[in-house]
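# Fold the following and give me the result.
(one chain, ligands or ions: 1)
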Amino acid sequence: MKILAFEVREDEELYFKKYADKYNCEITLTEAPLNFETLPMANGYDGVSILGKSHLTADIEDNLKASKVNFCSTRTVGFNHIDIEHAHKIGLKVANSNYPPTGVAEHTVMLILMSLRNYKQAMWRGQVNDYSLSGLKGRELNSLTVGIIGTGKIGQCVIKNLFGFGCKILACDKYENDEIKKYATYTDLDTLITSSDIISLHTPLLESTYHLINDEKINKMKDNVVLINCARGELMDINALIYGVESKKIGALGLDVIEGEDGLYHEDKRSDIISNQKIAYLRQFPNVILTQHMAFYTDTAVENMVKCSIEAIHDFVKKGDCPTSI
Ligand code: COI
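Residues are numbered from 1 along each chain as shown. The predicted structure follows:
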């Protein structure tokens, strides 16, 4: 069995070796994403492993099939970079990853706490020996209401983590989870939006969730609301976020992902001219924390991303299906 892995970082290499040995497969690694330029590299492989910068459009999928590559596994949980409908139509089998939700959930809690305690400003001051307190008075999580949109694996884990802080937790999802009812109260989206001091998104990016957070929703929120996003940037309309911060309706933003981050995230752009004015503008506010799409980035997750990706292609080839098939 031959696998070509795209977008491989150095820190993934030892895991590719470990699981290629375990599953007895021949594996080739490249830093490049899968795109029209790199597509010919996939000739002769059974499957490809990708991350989020490899956009599996219908055209790319057709070309993979034409090259007899029948399997693809993304090492990510999210799969908005893959045209699933077309893959099903042409019989290209696709799987995503099921690495543990704990890392993203912990990052979410970190962004909530950093936002509530004005930690970006405190950090700036520390750099220049300014140890003053003025303007840094925070709010305590135990006295606040947190709204969690999406109670899949990550949302559930965030709720369980938050429970220990003693805050009130509201949740909203199409599918209610009985166990989560021990920790949170399910409400409709409107009630969550109007009643929460902190709102955190844990929903996939779909046509129906694109710009879930927009001007209209922000206007209905409590004054000084804290918004957190460790899911996908396009769930929040960046123009609405900018307006919300400028107008002081939004008290703080903690974003691990942001609309328009493609081409920026995971890249060192220090010497480049960055043309995305909106991201540059938003990130300079004292109450806006941006992290570089790194909520997932822990030792546990990275190993599991690689393991799951190889296992998926192995199972597709050997058994015809796999548990993480999408
Ligand atoms: C995901 O797993 O969905 C992520 O966002 C991880 C990242 C490497 C794209």
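# Name the nearest residue to Asn224, ignoring sequence neighbours.
Gly251 (3.6 Å; Cβ to Cβ, 6 or more residues apart in numbering). In short, each C-beta sits where N, CA and C put it, glycine included.
# The host helix or strand of the one you found - contacts with which helices or strands?
Using DSSP states H and E, the element containing Gly251 is strand 250-255. Secondary-structure packing of strand 250-255 (3 or more Cβ pairs under 8 Å, 6 or more residues apart in numbering; DSSP states H and E): helix 102-116, strand 225-229, helix 238-246, strand 288-290.
# how about the ones you listed in JSON lines, adding mean pLDDT?
Compiled in JSON lines, the helices and strands packed on strand 250-255 are given as follows (pLDDT from 0 to 100):
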{"stretch": "helix 102-116", "mean pLDDT": "98"}
{"stretch": "strand 225-229", "mean pLDDT": "98"}
{"stretch": "helix 238-246", "mean pLDDT": "98"}
{"stretch": "strand 288-290", "mean pLDDT": "98"}
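# what sits against the residue nearest the centre of the chain?
A centroid search over the chain (Cα atoms, centre = their mean) returns Ala231, at 3.6 Å, as the residue closest to the centre. Each residue near Ala231 by Cβ atoms under 8 Å, 6 or more residues apart in numbering is listed here: 78, 150, 154, 201-205, 257.
# Confirm that it sits in a strand.
No. Judged by DSSP: H, G, I helix; E, B strand; the rest coil, Ala231 forms no part of a strand; its state is coil.
# which non-adjacent residue is nearest Val317?
Nearest non-adjacent residue to Val317, counting by Cβ to Cβ, 6+ apart: Met1, 5.1 Å away.
# I figured the one you found was touching Ala20, is that so?
No. Applying Cβ atoms under 8 Å as the test, Met1 and Ala20 come out as separate, 9.5 Å apart.
# joint contacts of those two?
Glu26.
# Outline the domain layout of the chain.
With domains defined by automatic domain parsing, the chain comprises 2-99+299-319, 102-290.
# How far does the shortest one stretch from one end to the other?
Its first and final residues considered, domain 2-99+299-319 spans 16 Å by Cα to Cα, to the nearest Å.
# now do the last one
With Cα to Cα as the measure, domain 102-290 spans 20 Å from end to end.
# quick one: is it near the ligand?
No. With Cβ under 6 Å from any ligand atom as the criterion, the ligand is not reached by domain 102-290; the gap is at least 7.2 Å.
# could you pull out the strands for this protein?
In the chain, strands defined by DSSP state E lie at 2-5, 26-29, 47-50, 71-74, 93-95, 145-149, 168-172, 185-186, 198-201, 225-229, 250-255, 288-290, listed in chain order.
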